[in-house]
Each structure stands twice: as C-alpha cells, then as structure tokens.
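J.: Compute the structure for the input listed below.
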Amino acid sequence: MLRQFLTTASYVPETIITTLQSIKKKGQRAEIGDISKMIKVLLPRLHHSFLCLDALDELESRTRFTLLKALRTEFGSARIFLTGRPHIEPEVNEALPTQLDSMHIEANEGDIRGFLIHEIEEDMNINPDDMNEQLREEILEAIIGKAGGMYVLYFFIHILFLKYIRLVSLRL
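T.: Numbers count the residues shown, from 1 in each chain. Reported below is the predicted structural model:
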C-alpha cells in the first residue's frame, strides 16, 4: 500500500525518503511499524486516498484483526473499500466504528456462464482453431464449478488473468 501511495504522491516528504534509504542501506525490508509511520506522514498530504482490499475473509483471523485495527487508526482520511464473504461482516463492523455501507454481491451460475460464453465466443471469432466444443464445455464446467460462492470482483479478475495467461502462452 505504501508503494502505491508513494507512486501517486506529488511530493514525498524527506522523512520518508530518509527512512527508506536507511532501510535499503541496511539491506533489510521495511517493518510494519516503519510502513505504518510513513503512511501516517503521507496520507494527509494526498488529495484523495482510496484503499481497495479484496478477499478480507481469506486472511488468518489474527492478521485480519491487525489490519482492521490499522485501518481504523492509521488510515482515517482514506476511503476504504473491502470485499469478503458475509461471515466477517460483524467483525468488520465491530473493528471499524463508523457507519459502513455494505452490499451483498454474488455471481450466480447463469451470470458466470453468460460471461464465459461471451468471452469464449469472442476469442473463437479471432482464433477459431484454438478451441473445439469439448474444450469449451470443459472450460465452462471447470470455472463454474470453482466459482461457487466466489465474489464477483475476484471472479472477473480470475477470468481476465486466465485470458492474459492464454495470450502470453500463445505468443511463446
């Protein structure tokens, strides 16, 4: 997160530069405490800051608690978008005392199938010899089977990643 904030900042305070240089000189990696301090210095200087944390439920509960505590104490001016399965909502509501807007979004099998068929047909129009009907059905069933209960954002990232891998492998 610090790296992303630093790349968008129009000005990086000297204290952050000094801290990063010192860590690099020692051949170490930044500790969470160092990162937290640098974020505290940097965030107020950013016009807008947004955090998007996906799949919060996949973190180990102790790590999730630490992250949520940091979001409450370290990222006060940031706009935060979290995704996770519904069972962690009470934990998030308890950790972040402000009023949260939440929305339950889950892809259903029909939506997933429609999206995949569209993407496969688009690819087949460009490269008709790359796939036959059997492969098409195997892909549909494999991805739909694994997507049960998966949230929409992760699903679409996963599909686009698979499409990118396919393009790279075709180039090799």
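J.: Strands along this protein, start to end?
T.: Along the chain, the segments classed as strands by DSSP state E run 50-53, 79-82.
J.: Pipe those into TSV and attach mean pLDDT and mean neighbour count per row.
T.: Bear in mind the C-beta positions are built from the backbone N, C-alpha and C, glycine included. Shown next, in TSV, are the strands of the chain (pLDDT from 0 to 100; neighbours: other C-beta atoms under 10 Å):
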stretch	mean pLDDT	mean neighbour count
strand 50-53	83	13
strand 79-82	84	14
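J.: Now distance to residue 72 too, for those, in CSV please.
T.: Listed next are those as CSV, based on distance: least, C-beta to C-beta, whole Å:
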stretch, distance to residue 72
strand 50-53, 12
strand 79-82, 10
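J.: mind checking which of those strands is nearest residue 139?
T.: In terms of C-beta to C-beta, the element of these nearest to residue 139 is strand 50-53, at 28.4 Å.
J.: Other residues contacting that closest one?
T.: 1, 67, 71, 75, 78, 79, 80, 81, 82, 83 (C-beta atoms under 8 Å, 6 or more residues apart in numbering).
J.: Residue 116 against residue 144, yeah?
T.: Yes - contact criterion C-beta atoms under 8 Å: residue 116 and residue 144 qualify, at 7.3 Å.
J.: any idea how far residue 122 is from the residue nearest the centre of the chain?
T.: Centroid check for the chain by C-alpha atoms, centre = their mean gives residue 54 as the closest residue, at 4.1 Å. Look at residue 54 and residue 122: by C-beta to C-beta, to the nearest Å, they are 25 Å apart.
J.: quick one: residue 40 and residue 95, what's the gap?
T.: Taken as C-beta to C-beta, the span from residue 40 to residue 95 is 18 Å.
J.: Just want to know which of these two has more residues nearby.
T.: residue 95 (16 against 13; other C-beta atoms under 10 Å).
J.: That one contacts residue 66, doesn't it?
T.: No - with contact defined as C-beta under 8 Å, residue 95 does not reach residue 66; the gap is 10.0 Å.
J.: In this structure, what residue spans correspond to helices?
T.: 2-8, 14-25, 32-42, 61-74, 89-95, 109-126, 133-146, 152-171 (DSSP state H).
J.: Throw these into a markdown table and include distance to residue 103, thanks.
T.: Shown next, in a markdown table, are those (distance: least, C-beta to C-beta, whole Å):
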| stretch | distance to residue 103 |
| --- | --- |
| helix 2-8 | 24 |
| helix 14-25 | 35 |
| helix 32-42 | 27 |
| helix 61-74 | 18 |
| helix 89-95 | 11 |
| helix 109-126 | 16 |
| helix 133-146 | 23 |
| helix 152-171 | 11 |
